[in-house]
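**Student:** for reference, the sequence and a predicted model appear below.
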2 protein chains.
Amino acid sequence: MPHVAMKALSKQPRRRGATIYEVARRAGVSIATVSRALRDSDLVTPETRARVRAAAEALNFTPSRPARSLAEGRHAANGIVFPHLVGPYYAEVVLGYEQVAADLGSSVLILATHGRRDAEAAVLDLAGRVDGLVIMGRTVDDDIVRRIAATGLPLVLLARNPVSDVDTIQAENEQTAQELVAHLVEHGHRRFAFLGDPAASPDVAGRYRGFAAGLRAAGHAVPEPVPCALDLDAGRAAGAALIAGTPRPDVVVCANDEVALGVFTAAADAGLAVPDDLAITGWDGLMAARFAGLTTVEQPMRELGATAARLLHDRITERTSGATPGRGVRREVLPTRLVVRASCGSHPGR
Amino acid sequence: MPHVAMKALSKQPRRRGATIYEVARRAGVSIATVSRALRDSDLVTPETRARVRAAAEALNFTPSRPARSLAEGRHAANGIVFPHLVGPYYAEVVLGYEQVAADLGSSVLILATHGRRDAEAAVLDLAGRVDGLVIMGRTVDDDIVRRIAATGLPLVLLARNPVSDVDTIQAENEQTAQELVAHLVEHGHRRFAFLGDPAASPDVAGRYRGFAAGLRAAGHAVPEPVPCALDLDAGRAAGAALIAGTPRPDVVVCANDEVALGVFTAAADAGLAVPDDLAITGWDGLMAARFAGLTTVEQPMRELGATAARLLHDRITERTSGATPGRGVRREVLPTRLVVRASCGSHPGR
DNA sequence: CTGAAAGCGCTAACAG
DNA sequence: CTGTTAGCGCTTTCAG
C-alpha cells in the first residue's frame, strides 16, 4: 500500500485549515495568483484579487508561516533572551522591546534562561527561529554569543559587556553611582556598605566601581561589596546580617531597588528608623521605590528594550538590503538619573 | 541565463550557516542519517552519530526551524496575547506562562495588542506561528477568538469571559470583593466609591459585582462605578476628582493597585491622611502595594499564566495523540486572597 | 496579468 | 542500520 494512501487514512490532518491549493481551486486560479493576490502584488487584476480574497475568506485561510519562512528565507520574527521576569526590571525592558519590534513588523519570541536546565540549547534553538536576537546579561556565556554571531545572525547585547564586535547597549552606571555616593557623603554618612555582587552582573560591577570611586574621591575607605542576589528576600536577609554586624553601617547602597526594599523590611524588623538609624538607597526606579520613599537611580528600562529593538532592526534590514553592512560596531550607553527621596538621609530644606 | 546561475550570483546567501546536505557530505552519510543522528534516533550507530555530530559542530550547523516545522507539521512554539505589559500584573502572568511553556518544551511568542493599529491581523498572524494560543482579556473581540477556534487551534482564554466552548481560566473576583467590602463596612465606612470601569474588563466587572453585593448585604446604597483606566495617572486624576467632590467618600475601592496608588498620591496632594481622612483599597497584590501599606486582594498572577500554559499544553498533546479529544470544556477559577494593611482603616488591635 | 514548475531545508516512509 | 525519495505549503522565476 503506497504511503500516500496511508496518509489519507490518518486521523489528524497534518495541517489546520485550508492550503493555498484549495483557495486556488475555489477561486479558479493558480496558486501563484493566490499568493500574489493575497500579498497585494500589483500584478493581479482587481477582479481576480477580489475573487481570491473571497475564496480565502470563505475557507478561513491563513498562509502557513513555516512554508512562507522557508520560501522567503526569513522569519519575520526576532527574539530577546533575558535571565528571568521576576521583578519589574526585565518586564519593562521586554515591554519596550516588544513595543517597537512589533511596530517594526516582527513577531517577538522571548526566552527566560533562569533555572532552565539547558539554557544554551534553548538559546541556540531560538536563534534558529528569528532574524535577529537581543541577548541580555546573565543568560549565556560569551562563547555562545560568539558562536551565534559567527553564523551571521544579527545580534544586540543588552545590559551586558561587549563581546568581540557585537553591538551593545547599556545603561550608565559608574558615573551616577559616584554622584549618588557624593550625595550620601554630603549627608554626613561615614560607614558605607554595598549590597550586591559585582561578579554576578556587569551592571552591578559598574555600580560598585562608581561607588568605590565616589568614596575614594571623598577620602573614605572602600568596603568590600557584600554579595547578595537581586531580590527582596535576599536583600532582607543580607540587610538583617548587616544590621546585626558591628559596627552597623550608616548607609547601605544596594545594587537594585528590590534589594533595598528588602533592607527596608529588615530595618523595620529590627526596629530601626530609616533614614535616621539606617539610610538606604536602591537602583532602577521601580514604582515600589516611589511609594517606599526610596532614594534610587532611575534607569530607562523601557527605553533600553526599545533601543535594542531599533538597533537590531537596523542591522537586520541592513543585512537584507545589502547596504553598508556592519558599518562599525555600535555601543550605546543610555543615561540614568539620581532620584533623591527620603531614605538616604534627612533633607531639611524640603 | 538559467535562474540557478542567477542565484549563485546574489550577494546575500538565502540561509545563514550550513544545511543538512553539507553536514551529510562532510560526514560521508546521507541527509536522512544526519537527521536521525542529530535527533538521537536509535537507528544510528554510535560511531556514525559521533561522525555526524563532529561534522555538524565543525560547520556550526543548526537545523532550519521553518523547514523542520513544515516537515513535521508543528511549530514547537506557542503564544500568549495580552493587552500590554505596563505594570506588574501582565508581566507576572507572562512570566508564569513562559516558565512552564518553556519547561514543556515550547518556544513562546508574545504579542501585546495595546495601541497596535491592527491587533486582529497580528493575532491572526500569531495564530499561524504556534501550536496553541492563550488569549487574555481586552485584546481582541470574541469573533476573532471564534474564528481562530474554528481552525482547530488549541486555545485558552485567560482573565476573560468564556467564548463558545473554549477553555477558560480566571481569578476569583466577586466573592473576595464582597469580603473586602464587608471588612470595610466593619471599619464603619459609609460613603463608598468604586474606581474602575466594569465595561472595560471582565475582572473589573466581577469586582464591581462583588462590591455591589457586599454593600447591599450591609444595607448600603450602591454607587455607580467611576470609570477609570487601570494605571497610576488615571487613578491620581480620578482620585483628585473624587476628593474634590461633595460629599467626599470615606473609602474608595479601586479596581487595581495602580489606581489605588494613584489615589494615594491624590490624597497626599490634597493633604488628606490615609486611612483616617480617606481609606483606599486596591487589587492585585503588587510589591508596591506592600510598601505603600495598601490593603488589597492578592491574585495568583504567576499561577494564572502557569495554569494556562499547562492547560494549553494538555490540549495540544491531546490533539496530537488523538486521545480523548476535547473531553468537555474546562473552566478554572483560581482563588484570591484579601490582604489587610493600613490603608483601609485603623486596626487598633494590631 | 496568469500559470507551470523549481526550489526552500528538513522529516519520514519505504526499500534495502 | 542507512540511503532514496516524496512531500510539507508557499514564493518566485520564467514563459506565455
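**Tutor:** Okay, I see it.
**Student:** any buried residues in the biggest helix by length in chain A, and which?
**Tutor:** Longest among the helix segments of chain A by residue count, using DSSP state H, is helix A:301-321. Buried positions in helix A:301-321, judged by neighbour count with 16 or more other CB atoms under 10 Å in any protein chain shown: A:301-316, A:319. To be clear about C-beta, it is placed using only N, CA and C from the backbone, and glycine gets the same treatment.
**Student:** if I look at the closest residue to A:His313 other than its chain neighbours, how far off is B:Pro83?
**Tutor:** Nearest residue to A:His313, sequence neighbours excluded (CB to CB, 6 or more residues apart in numbering or on different chains): A:Leu104, at 4.8 Å. Separation of A:Leu104 from B:Pro83 (CB to CB, to the nearest Å) stands at 20 Å.
**Student:** looking at those two, which one has more neighbours?
**Tutor:** Between A:Leu104 and B:Pro83, counted using other CB atoms under 10 Å in any protein chain shown, the more crowded position is B:Pro83 (20 against 15).
**Student:** residue contacts, A:Val251?
**Tutor:** A:Val251 is in contact with A:184, A:187, A:189, A:191-193, A:275, A:278-281, A:344-345, counting by CB atoms under 8 Å, 6 or more residues apart in numbering or on different chains.
**Student:** where does it fall, phi/psi-wise?
**Tutor:** Backbone geometry at A:Val251, expressed as degrees, to the nearest 10, gives phi -150, psi 140.
**Student:** which residue packs closest to it, ignoring adjacent ones?
**Tutor:** Closest residue to A:Val251 apart from its sequence neighbours, by CB to CB, 6+ apart: A:Ala279 at 3.8 Å.
**Student:** the one you found contacts A:Ala342, correct?
**Tutor:** No. At 9.6 Å, A:Ala279 does not count as touching A:Ala342 under the criterion of CB atoms under 8 Å.
**Student:** going by how many neighbours each has, rank the two and give me the top one.
**Tutor:** Of the pair A:Ala279 and A:Ala342, A:Ala279 is the one with more neighbours under other CB under 10 Å, namely 24 against 16.
**Student:** and that one, how far is that from A:Phe291?
**Tutor:** Taking CB to CB as the measure, A:Ala279 falls 18 Å from A:Phe291.
**Student:** how about A:Ile144?
**Tutor:** Look at A:Ile144 and A:Phe291: by CB to CB, they are 39 Å apart.
**Student:** and the strands in the stretch 151-300 of chain A?
**Tutor:** Secondary structure of the stretch 151-300 of chain A (DSSP state E, counting those that start in this stretch): strands located at A:155-158, A:167-171, A:192-195, A:251-254, A:279-281, A:296-298.
**Student:** what residues does chain A put near DNA strand D?
**Tutor:** With the criterion set to CB under 7 Å from any atom of the strand, chain A comes near DNA strand D through A:4, A:7, A:14-15, A:19-21, A:31-32, A:35-36, A:38-39, A:61, A:63-64, A:67-68, A:70-72.
**Student:** which ones among those residues lie within strands?
**Tutor:** Among the residues of chain A next to DNA strand D, none falls in strands (DSSP state E).
**Student:** filter these down to the buried ones.
**Tutor:** Buried positions within these, assessed by neighbour count (16+ other CB under 10 Å), are A:Thr19, A:Ile20, A:Ser35, A:Arg36, A:Leu38, A:Phe61, A:Pro63, A:Ser64, A:Ala67, A:Arg68, A:Leu70.
**Student:** tally of neighbours for A:Glu98?
**Tutor:** A:Glu98 has 24 neighbouring residues, counting by other CB under 10 Å.
**Student:** which ones are touching it?
**Tutor:** So A:Glu98 contacts A:Val108, A:Gly305, A:Ala309, B:Leu85, B:Ile110, B:Leu111, B:Ala112 (CB under 8 Å, 6+ apart).
**Student:** and those residues, which two are furthest apart?
**Tutor:** Within the contacts of A:Glu98, A:Gly305 and B:Leu111 form the most distant pair, 15.3 Å apart (CB to CB).
**Student:** now do the helices in the stretch 51-200 of chain A.
**Tutor:** Here the stretch 51-200 of chain A has its helices, by DSSP state H, counting those that start in this stretch, at A:65-72, A:88-103, A:119-127, A:142-150, A:174-186.
**Student:** if we can go back for a sec, ok, so of the buried ones among the residues of chain A next to DNA strand D, who is nearest DNA strand C?
**Tutor:** Nearest to DNA strand C out of these is A:Leu70 (CB to the nearest atom of the strand; 3.8 Å).
**Student:** which non-adjacent residue is nearest A:Met301?
**Tutor:** Nearest residue to A:Met301 in three dimensions, chain neighbours excluded: A:Glu92, at 3.6 Å (CB to CB, 6+ apart).
**Student:** ok, now how distant is the one you found from B:Ala292?
**Tutor:** Per CB to CB, A:Glu92 is found 19 Å from B:Ala292.
**Student:** same question for A:Arg191.
**Tutor:** Look at A:Arg191 and B:Ala292: by CB to CB, they are 30 Å apart.
**Student:** more crowded one of the two?
**Tutor:** More neighbours surround B:Ala292 than the other of A:Arg191 and B:Ala292, with 26 against 13 (other CB under 10 Å).
**Student:** for that one, which non-adjacent residue is closest in space?
**Tutor:** Closest to B:Ala292 by CB to CB, 6+ apart is A:Phe291, at 3.9 Å.
**Student:** and what of A:Arg147?
**Tutor:** A:Arg147 sits nearest to B:Asn60 (CB to CB, 6+ apart), 6.4 Å away.
**Student:** tally of neighbours for the one you found?
**Tutor:** So B:Asn60, with other CB under 10 Å, has 14 neighbours.
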